[in-house]
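**Q** Sequence and predicted model, in that order:
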Amino acid sequence: QVHLVESGGGLVQTGGSLRLSCAASGRTFSSYYMAWFRQAPGKEREFVSVISGGGNFRYYADTVKGRFTVSRDNAKNTVFLQMNSPKPEDTAIYYCAQPRRTGTYAYRQINEYEYWGQGTQVTVSS
């Protein structure tokens, strides 16, 4: 059983920065891509970013490209999301997720993910 725990959320002002963490346990962390999603009140959960198992492939939603950076530390079974220059529209609960299988997959699709963290709230004030 995989267990994902996010941390690092909170209140941040526009122009500031915040780093989210997701600690994983339960299966070989480095074998799996890891993704970040977010869900704002009244909206559907949406894809934010994904990173490959070795960290050499990263992909971002257009809405965060150039502002957010995903990274991972496989020695610590942890994935990070560095949020720079956040905007009020980035306010949401942020979730990390691990896919059902190793290798490539349709990483923007929610149903490709088997395990989810409990989420961490990020609130951006203007």
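**A** Cool, the structure landed.
**Q** In contact with A23, which residues are there?
**A** L4, V5, S7, K76, N77, T78 (CB atoms under 8 Å, 6 or more residues apart in numbering). C-beta here means a position set from N, CA and C on the backbone, and glycine is covered the same way.
**Q** Beta-bridge partners for the second one, please?
**A** Under DSSP bridges, the beta-bridge partners of V5 are A23.
**Q** got a pLDDT number for it?
**A** Confidence at V5, expressed as pLDDT, is 98.
**Q** cool, the last one as well?
**A** The predicted structure scores T78 at 98 on the pLDDT scale.
**Q** roughly how far is stretch 89-100 from the heart of the chain?
**A** The chain centroid and the centroid of stretch 89-100 are separated by 5 Å, computed with CA atoms, centre = their mean, to the nearest Å.
**Q** Run through who's touching it.
**A** So stretch 89-100 is contacted by 2, 4, 6, 9, 20, 22, 24, 32-40, 43, 45, 48, 63-64, 79, 81, 83, 105, 107, 112-124 (CB under 8 Å, 6+ apart).
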